[in-house]
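A.B. asks: give the three-dimensional model of this entry:
(2 chains)
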Amino acid sequence: MNLKKLASALIPDEGLLSIDKYEHIYPPRDIAPKAEVTRLAPSPTGFIHLGNLYSALADERSAHTTDGIFYLRIEDTDEKRKVDGAVESVIRSLKYFGINFDEGAEIQSPLNIYGPYYQRRRAEIYRAFVKDMIERGYAYPCFCTEDELNAVREKQTGEKKTTGYYGEYAVCRNLSESEIYKNLGEGKPFVIRLKSQGSIENKIIFRDAIKGEVTVTENDQDVVILKSDGIPTYHFAHAIDDHFMRTTLVIRGEEWLSSLPVHLELHKALGFKPPRYAHTSSLMKMDGGTKRKLSKRKDPELSLDYYRKAGYFPKAVVKYLMTLLNSDFEEWSLKNPTADYRDFKFRIEKMSRSGALFDLDKLNDVSRTEISMLSAVECFEFLKGWVTEFGTPADKAHFQNEEYIIKVLELVMGVGGKKRRKDIERAEQGVRLIDYFFDDTFAPEYSYRFDAQTVNTVLGEFLKTYDPADDNSAWFAKVKAIAPTVGFAGEMSDYKKEPEKYKGNVSDIAEILRIAVTGMPNSPDLCTIMRILGKERTAERLKRGMSKIKKKQV
RNA sequence: GGCCUUGUGGUCAAGCGGUUAAGACGGAGCCCUCUCAAGGCUCAAUCCCGGGUUCGAUUCCCGGCAGGGUCACCA
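C.D. replies: Numbering: from 1, shown residues only, chains lettered A, B, ... in the order given. Predicted coordinates:
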């Protein structure tokens, strides 16, 4: 059979370069020997999820801890999946979490010499190589229809044989020259398949960067490499692209492990040295009694938007993911609480071989810690960012008053001091925590645990002596002084000795004042809250707390 | 079902033939305290099951069992 002629009949020559040209167009990269070139290669569906972030972080860290390159390639070989604006969305989402690309699709960079970074725009490169494979007898056309293929698959399933296009089932593999041209003459659509040289009798010991030695069976499937629309399948495109974009480390989900034999054979047939592969385990979730992969449909927490809307601190999400990526990151982070996570020596080899269960409690803890370490200004910026996008109109108005909010944050969050509030894991919680500092959102419920008489006496007595100039101890002394007027213990020690002698104690006095002033039984230091509110508003709230009671009584 | 892969407390996990089997999150409790938060201290909780190999197995081998992945002209 004249393969050269067949190749030309199948794939027209026009516009195609000879394959050896590409080695010069895309020369090896001028980087350090140990530098890794990694990539994120999403399909442009626009949906970027936690798993993508997880993987992207591994890519980005691998590249940037070795002075390498991290680039973005868009795998748009499947027309059906395309969504407008998806690429920008991917870039934006990752940027929000502090992950940036060095080169690639829609990235402005002088490094962009390995493009185009959209697979559809690389069609002629693929075609040149497919054509070459046909000429060398490594590929052939297949005219089987979808129905025929399905019928074979059913037959194979029924006979409990391995499904697929191989051996005796690869009918088009042995088509005669005249049959091929006859089909072509009739205008039958065709795909190009790999003419596999492998056998499932052979086992390959493969060294995965994460999983270590993995035993896989050699490929014997004549997989499709060029679809009937002239666009390659993922398998083929990735082999070409990762070779010519000079990728050194391919990090991808473990769902790809089973197609690794195909990729290995493809590289061999193409004459390429395969990159190193690292197959990551997927993020799991507890559902009922068992673990399962995080699902786009069922689990809102898979979406990155979920974390933005919920107001998680973006760096906290990244740090949490880092703990999953390299388990010793957490220990390092504990020792270096203020260090940038980028200073940690990430290594792909240290990644877990088994799947990690996504643990919201742990994320919350990391987020709490991160937020607690913010300065008042940083905290303000973070909360304001969330408020601008997701806050209520009242929130937005409040955040215009930067000076006041920062003063409040310093108290409420304990920022700048030793007593850090560490129970805020999401922006919204922080925003709600300062509601009572604004009169329009001060919505007290007055859930006093004492009778109206006692409450009114406490509030009235305090009002008499209240002086905003008091420091904490003077303030507290006044609180204590109220105790005897309502039969409470002024000293905690007295109360503990003989609790039956008193109706309550100082902390109960403080509680009554607190409820009147903040509307809640719990709050940060009351004395400081009063000082921030100012004399007028404090007095007003104390009076309002009383009148409320009276109304209830009537 | 075939093939690949994983199995240490509730969760993430150190450990790589001899350990009191780290640490973190979560849980329980105590202390401190004007409440909350924070902080300090304490406690409970783990080597999937059987067989080997070995003086000795959580660690090595085999077999179960249980998870996970995959079997497209999708990536």
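A.B. asks: residues touching the helix or strand that A:Gln453 is a member of, excluding its own?
C.D. replies: In this structure, A:Gln453 sits in helix A:452-465 according to DSSP states H and E. Here helix A:452-465 makes contact (C-beta atoms under 8 Å, 6 or more residues apart in numbering) with A:448, A:450, A:478-479, A:481-482, A:485-486, A:503, A:509, A:512-513, A:516, A:539, A:542-543, A:545-546, A:549-550, A:552-553. C-beta coordinates here come from the backbone N, C-alpha and C atoms, glycine included.
A.B. asks: which element follows it toward the C-terminus?
C.D. replies: That would be, after helix A:452-465 and using DSSP H and E, helix A:472-482.
A.B. asks: let me see the mean pLDDT of that following helix.
C.D. replies: For helix A:472-482, the mean per-residue pLDDT is 90.
A.B. asks: what of stretch A:167-176?
C.D. replies: For stretch A:167-176, the mean pLDDT works out to 92.
A.B. asks: which stretches of the stretch 201-350 of chain A have low pLDDT?
C.D. replies: A:287-290 (pLDDT under 70).
A.B. asks: point out the residues in it that sit beside RNA strand B.
C.D. replies: A:203, A:211-212, A:214-217, A:223-224, A:227-229, A:231, A:233-234, A:254-259, A:281-282, A:284, A:286, A:290-293, A:323-324, A:327, A:330-331, A:334, A:350 (C-beta under 7 Å from any atom of the strand).
A.B. asks: residues contacting the nearest residue to A:Pro337 once chain neighbours are set aside?
C.D. replies: Nearest non-adjacent residue to A:Pro337, counting by C-beta to C-beta, 6 or more residues apart in numbering: A:Met373, 7.0 Å away. For A:Met373, the contacting residues are A:Pro337, A:Thr338, A:Arg420, by C-beta under 8 Å, 6+ apart.
A.B. asks: what number of residues lie near the nearest residue to A:Phe346 once chain neighbours are set aside?
C.D. replies: Spatial nearest neighbour of A:Phe346, excluding adjacent residues (C-beta to C-beta, 6+ apart): A:Arg61 at 3.9 Å. Counted with other C-beta atoms under 10 Å, the neighbours of A:Arg61 add up to 25.
A.B. asks: the helix or strand harbouring A:Arg61 close to RNA strand B?
C.D. replies: Assessed by DSSP H and E, A:Arg61 sits inside helix A:50-64. No: remark: helix A:50-64 sits outside contact range of RNA strand B, by C-beta under 7 Å from any atom of the strand, the gap being at least 10.6 Å.
A.B. asks: pLDDT averaged over that helix - what is it?
C.D. replies: Averaged over helix A:50-64, pLDDT sits at 92.
A.B. asks: how about the CA coordinates for the very next helix or strand once past it, as PDB?
C.D. replies: Using DSSP H and E, the helix or strand that directly follows helix A:50-64 along the chain is strand A:69-72. These are the backbone C-alpha positions of strand A:69-72, laid out as PDB (Å, rounded to 0.1, in the frame of the first residue of the first chain):
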ATOM      1  CA  ILE A  69       7.200  28.200  34.300                       C
ATOM      2  CA  PHE A  70       3.500  27.700  34.900                       C
ATOM      3  CA  TYR A  71       1.300  28.300  31.900                       C
ATOM      4  CA  LEU A  72      -2.300  28.100  30.800                       C
END
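A.B. asks: what's strand A:69-72 in contact with?
C.D. replies: A:29, A:31, A:35, A:37-41, A:59-60, A:62-64, A:87, A:90-91, A:101-107, A:111, A:114, A:117, A:245.
A.B. asks: ok, now with 10 Å
C.D. replies: Strand A:69-72 is contacted from outside by A:29, A:31, A:35-42, A:56, A:59-64, A:87, A:90-91, A:94, A:99-107, A:109, A:111-112, A:114-115, A:117, A:245-248, using C-beta atoms under 10 Å, 6 or more residues apart in numbering.
A.B. asks: among those residues, which are located in strands?
C.D. replies: If you go by DSSP state E, the contacts of strand A:69-72 have A:Val37, A:Thr38, A:Arg39, A:Leu40, A:Glu103, A:Gly104 in strands.
A.B. asks: for RNA strand B, state which of the contacts of A:Met373 is nearest.
C.D. replies: RNA strand B has its nearest neighbour among the contacts of A:Met373 in A:Arg420, at 5.0 Å by C-beta to the nearest atom of the strand.
A.B. asks: how about stretch A:110-124: buried residues?
C.D. replies: Using 16 or more other C-beta atoms under 10 Å as the test for burial, stretch A:110-124 gives A:Tyr114, A:Gly115, A:Tyr117, A:Tyr118, A:Gln119, A:Arg120, A:Arg122, A:Ala123.
A.B. asks: surely A:Met520 touches A:Glu445?
C.D. replies: Yes: contact criterion C-beta atoms under 10 Å: A:Met520 and A:Glu445 qualify, at 8.1 Å.
A.B. asks: quick one, which of those two is more surrounded?
C.D. replies: For A:Met520 versus A:Glu445, the count of surrounding residues by other C-beta under 10 Å is larger for A:Met520: 16 against 10.
A.B. asks: where's the more buried one relative to RNA strand B, distance?
C.D. replies: Using C-beta to the nearest atom of the strand, to the nearest Å, we find A:Met520 at a distance of 8 Å from RNA strand B.
A.B. asks: now that residue: how far from A:Lys4?
C.D. replies: Distance of A:Met520 to A:Lys4, given as C-beta to C-beta, to the nearest Å: 83 Å.
A.B. asks: and what of A:Ile434?
C.D. replies: Separation of A:Ile434 from A:Lys4 (C-beta to C-beta): 76 Å.
A.B. asks: the two: which has the busier surroundings?
C.D. replies: More crowded of A:Ile434 and A:Lys4, by other C-beta under 10 Å: A:Ile434, with 20 against 12.
A.B. asks: around the closest residue to that one other than its chain neighbours, count how many other residues there are.
C.D. replies: In this structure, A:Ile434 finds its nearest non-sequential neighbour in A:Val408, 5.1 Å apart by C-beta to C-beta, 6+ apart. For A:Val408, the neighbour count with other C-beta under 10 Å is 24.
A.B. asks: likewise the one 3 residues further on?
C.D. replies: Neighbours of A:Leu411 under the rule other C-beta under 10 Å: 22.
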